[in-house]
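Peer 1: The following block contains a protein sequence and its predicted model.
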Amino acid sequence: LFESTMESSVRHHYPLLAVTAAAAALASSSSVAEAFTMPNLHSLKQPSTSSLAAIGLGPESDVSAIKEADTEGDADSAQRRDLTHPYDPARIILGEDGLPKPHITDFDPFRKNRMSNSDRDADAWFTALLESPGDSFLGSISEEHKDRLLSKVELVDEPLWNYGEDEEWTPYVSRRLPTSPLYPAYGLETYGLPVLRRGAEAWRQFDVNGLIAVDYFGTPEGIGSDVGLKEGEKEGVIASLKAKGAWLDDEHCAARLVYVNGRFCPELSMQTDDVKNLDSSDFEAGLADKTLEYLSRLTDGFTDKLAAEVPDDVKGPLTSQERLSAPDHCVGKATSQYAINNQQGTAAFAALNSVKAGCVAYVEGNGVEKKPVLIINAQTPSAGSSEEDKGVAFHPRTLAVANDGSILSLVQMCVDLDDNSSDKSPCPTFVNGYTQIFVGANANMTHSFIEESGGAVTSRVEMSDDEATAASLSQTPRELEALRPALRNTNFEAIDVHVTGDNGSYTSSLLELGGTGRSRLAISANLLRPGSHAAINGFALSGGLQRTDMRTNIHHMAQGTTSRQEHRNMVGGRSTASFRGRIRVEQSAQQTDSQQLSRTILLSDHARIQSTPSLEIIADDVQCTHGATISDLSEEELFYLRSRGLDQRTSRNVLMYAFVEEIGNSVDEAIVGEFDDEKGLRNRIIRRLENVVPEGDKTLVGGEFQSS
């Protein structure tokens, strides 16, 4: 008993001593060697020259010499080499009881063993969305993406290569014990694309539990068909959209597509040959192969074939995303855990959009067009649903293609629309948008995305209960905000950009301004050709009890590409915001120039922000920078403005708008409006900022000024 206890203690606390003792026992007893848990202890001898060369520690040798050296030796050494195969049935691994443990080759029974109750609830919520009533309208695209969702990931071990056997050999591989099962990556237990998980990297900072607690399983009436307006309604709807700044007259835009509760409204739209709505009849009649190819693409690398060939002088044209910078620095299969940890978590929702979308807004740029194309997605309080006890889901879909040499400006707006349904309580809505953009050679595309749905948040939510009592308030602002109907709404938007031509340029301005309870905007820009450029400007305003999340991914694949990214957050009340920006520079993207900066202003000491800029560089001839700053409004700048006669609130408003204006200036001028236009974007932003501006003087807390 004493010897057994000592042996266990030595193995636990001194593993190297345990291995040495086992090697000594091996020399005197062959039976011990057969039962030892770590076979092939002959590796303790002096390593061969070929082994050292394989890990970069030995002299240079050509592959043929290494192969010749490996084939030398007697039959016993050959047998020992076979036993080094990690999954060889002859390998013996002992359990705690001292008996050999069986090898596991069937992994399906273990597929869901690691799932928590929250994971199962998330799967059930996604299943209910996928199986909610309603037909599919995108023809083969709907069928393909539904099959992709329902086809579970095959659980197989990575292929084994010895050094010199294959050009794809790499030492950076993951292995399991043969007595341990192979699990799917996090989020792939039930579906073929990773669904949301509270602990996954893509969802770690999002309110997953709050999202899956809301029923969005109803279907708006008439999805897949056009919405008609009754006599006299058209003027009222246009007036409502103009009041929200979401309208351009025919002479001020190149085209206009209007969608109400997920249904196309032809009476409010202005279609052209290049800008039109695609419905089920278009898919049944047949679309161009290129259009179908674009629509079939999924985000996060789950469509492995690149949208365009990436030139590479060493390996030739690159066409596979999983093999970029291979073999040692590639991301690998999109279903691997390593790849999923760096994804945005949008692939499953993009596929869900293909299954549930009723139509597609199609925009094609040919030639030079100075006027913008406007796409409006409006939703009413009733959300077009006849069931008051259920929420509904919308799945807006947009495909924009800027052909070679074209100039195109696209503006997307998400707004509320009054429908005179004051007798009904507002319906919870889940908006799952998917926008695909392709930019050709020497094309220039400007893209503005403005999200203003959900009304306005409740002001002064940071007020404490004691302050509310002192102000004789019957309800605290926090209690009022908790009862706000839009707090149950969720808006997702995935924007997938591919610059497929030499010297193509994409510039975007993304503004999250609305009062939706949960909002998430994820954009990915893939620079596939030399000289391509991407500029992403983003601003997120959150207040009340909101949860906002913005994620960006700029992928440099070709040589001589450039990118500029600036994201700004303004967080007030008791809200929580997060930003995660990722830039990846592949080995083929030499001479890349990339800059990323995130700036945040916290307006309240109850507000929270998680800002994570990241940079992954595989190339060695690049200029890349990234950074993040978080601060309160400057006390010195406030003092300067107040010394010039401005009151405290106005001074704060001036500083807050100056912080936003640099991002707002990149939006298309037709939407920004005149300086003194009360319905223009500038004044709409000012009103929303005034709603979250803190009140009272700053107090010194812990040596730093904090807004009270």
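Peer 2: Arrived safely. None of these values were measured; they are calculated from a predicted model. Residues are numbered from 1 along each chain as shown.
Peer 1: From now on I want contacts and neighbour counts done on CA atoms only, so please keep to that.
Peer 2: Noted.
Peer 1: Show me what counts as buried in stretch 459-466.
Peer 2: Neighbour-count burial for stretch 459-466, counted by 16 or more other C-alpha atoms under 10 Å, picks out 459-463.
Peer 1: now swap in stretch 626-640 and tell me
Peer 2: Judged by neighbour count (16+ other C-alpha under 10 Å), stretch 626-640 contains these buried residues: 626, 632-633, 638.
Peer 1: Any chance of JSON lines for those, columns pLDDT?
Peer 2: Below are the buried residues of stretch 626-640 laid out as JSON lines (pLDDT from 0 to 100):
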{"residue": "His626", "pLDDT": "94"}
{"residue": "Asp632", "pLDDT": "90"}
{"residue": "Leu633", "pLDDT": "88"}
{"residue": "Leu638", "pLDDT": "91"}
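Peer 1: Take those residues and keep only those in helices.
Peer 2: Assigned to helices by DSSP state H, the following of the buried residues of stretch 626-640 qualify: Leu638.
Peer 1: and the residue lying closest to Val310 once chain neighbours are set aside, what is it in contact with?
Peer 2: Closest residue to Val310 in three dimensions, ignoring its sequence neighbours and counting by C-alpha to C-alpha, 6 or more residues apart in numbering: Leu318, at 4.9 Å. Under the criterion of C-alpha atoms under 8 Å, 6 or more residues apart in numbering, the neighbours of Leu318 are 309-312, 324.
Peer 1: Give me the distance between Leu318 and Glu167.
Peer 2: When distances are taken as C-alpha to C-alpha, to the nearest Å, Leu318 and Glu167 turn out to be 16 Å apart.
Peer 1: what's the answer for Thr561, then?
Peer 2: In terms of C-alpha to C-alpha, Thr561 sits 28 Å off from Glu167.
Peer 1: ok, now Gly192?
Peer 2: Distance of Gly192 to Glu167, computed by C-alpha to C-alpha: 29 Å.
Peer 1: if we can go back for a sec, now the buried members of the contacts of Leu318.
Peer 2: Looks like the contacts of Leu318 have 309-311, 324 buried, using 16+ other C-alpha under 10 Å.
Peer 1: how far out from the middle of the chain is stretch 607-620?
Peer 2: For stretch 607-620, the distance between its averaged C-alpha position and the chain's averaged C-alpha position is 14 Å (C-alpha atoms, centre = their mean, to the nearest Å).
Peer 1: I would like the residues contacting it, please.
Peer 2: When contacts are taken as C-alpha under 8 Å, 6+ apart, the neighbours of stretch 607-620 outside the stretch itself are 205, 325, 329, 571-590, 596-598, 600, 602, 626-628.
Peer 1: between Gly192 and Glu167, which one's more packed in?
Peer 2: Under the criterion of other C-alpha atoms under 10 Å, the comparison of Gly192 against Glu167 puts Gly192 first, with 20 against 10.
Peer 1: so what's that one up against?
Peer 2: Contacts were defined as C-alpha under 8 Å, 6+ apart; by that measure Gly192 touches 148-153.
Peer 1: Closest to Leu541 out of the residues you listed?
Peer 2: Compare each of these with Leu541 using C-alpha to C-alpha and the shortest gap goes to Leu149, at 33.6 Å.
Peer 1: Output the host helix or strand of the closest one in CSV with nothing but the alpha carbons.
Peer 2: With secondary structure defined by DSSP states H and E, Leu149 is part of helix 140-150. Provided in CSV are the C-alpha atoms of helix 140-150 (Å, rounded to 0.1, in the frame of the first residue of the first chain):
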residue,chain,number,x,y,z
SER,A,140,-32.1,26.4,-54.4
ILE,A,141,-30.4,28.8,-52.1
SER,A,142,-32.9,28.1,-49.3
GLU,A,143,-32.6,24.4,-49.8
GLU,A,144,-28.7,24.4,-49.9
HIS,A,145,-28.4,26.5,-46.7
LYS,A,146,-31.0,24.5,-44.8
ASP,A,147,-29.2,21.3,-45.7
ARG,A,148,-26.0,22.8,-44.5
LEU,A,149,-27.6,23.7,-41.2
LEU,A,150,-29.1,20.2,-40.7
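Peer 1: how far is it from where the chain is centred?
Peer 2: That offset, for helix 140-150, works out to 20 Å (C-alpha atoms, centre = their mean).
Peer 1: For that helix, which helices and strands make contact with it?
Peer 2: Helices and strands touching helix 140-150, as assessed by 3 or more C-alpha pairs under 8 Å, 6 or more residues apart in numbering; DSSP states H and E, comprise helix 347-356.
Peer 1: go with 10 Å
Peer 2: Contact partners of helix 140-150 among helices and strands, from 3 or more C-alpha pairs under 10 Å, 6 or more residues apart in numbering; DSSP states H and E: helix 280-285, helix 289-295, helix 347-356.
Peer 1: How far does the first one sit from its chain's centre?
Peer 2: The chain centre lies 31 Å from the centre of helix 280-285; the measure is C-alpha atoms, centre = their mean.
Peer 1: and if you look at the last one?
Peer 2: On the basis of C-alpha atoms, centre = their mean, the separation between the geometric centre of helix 347-356 and that of its chain is 14 Å.
Peer 1: Can I get the helix or strand following it in CSV, CA atoms only?
Peer 2: If you walk from helix 347-356 toward the C-terminus, the next helix or strand you reach (DSSP H and E) is strand 360-365. Extracted C-alpha coordinates of strand 360-365, given in CSV (Å, rounded to 0.1, in the frame of the first residue of the first chain):
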residue,chain,number,x,y,z
VAL,A,360,-33.9,39.9,-51.9
ALA,A,361,-33.0,43.6,-52.5
TYR,A,362,-30.7,43.5,-55.5
VAL,A,363,-28.5,46.4,-56.4
GLU,A,364,-26.0,46.4,-59.3
GLY,A,365,-23.6,49.3,-60.1
